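> Test case, fold it:
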Amino acid sequence: MSNNQFDPSKASCPLWKLIAPNLLCTLPPSECSAAECSLTAPLTCGGCQKTSYCSKEHQKKDWANHRKLCSPFKIVQKPGYGRHLVATRDIKPGEVILEEVPVTCGPKQYTAPVCLGCHKLVSLSGYRCSGCEWPMCD
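Residues are numbered from 1 along each chain as shown. Here you go, the predicted structure:
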């Protein structure tokens, strides 16, 4: 594999087990997420696939803590549909289940002119970008 290609075996995301189940992964084994346990954890939470446990007993013991952090969905692969999210529990109306940072941000479409660097109001008679002529801070 060339240096500029993504190597999933170097990714730390446990969702690769779902995305590419046949991929031989060389990640170091996880430690149990239960309090005061550092055993190797071959079991993964069936809900979020992010938390690992050494045994079913430790998973049950830790559920009260993990329940608050466990994602309400999992990623699955289905022929004809591809990868998609499936709820792993009842989701309450208005509950936030997924948050993403915006790819880009900028001023509203109809607004007073603002600097595209810091979004502060700028004067139309002030400094302008040499490339696009948009008003900017000095």
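
> Wait, residue 86 touches residue 76, no?
Yes: Residue 86 is in contact with residue 76 according to Cβ atoms under 8 Å; the separation is 5.1 Å. Heads up, the C-betas are built off the backbone N, CA and C, glycines and all.

> Looking at those two now, which is surrounded by more residues?
Between residue 86 and residue 76, counted using other Cβ atoms under 10 Å, residue 76 has the larger neighbour count: 13 against 9.

> How about the contacts made by that one?
Contacts for residue 76 were tallied using Cβ atoms under 8 Å, 6 or more residues apart in numbering; they are 18, 83-86.

> Quick one: end-to-end length of stretch 36-55, please.
Using Cα to Cα, to the nearest Å, one end of stretch 36-55 lies 14 Å from the other.

> And the contacts of stretch 37-52?
14-15, 17-18, 29-33, 53-56, 58-59, 62, 66, 69-72, 74-75, 88-89.
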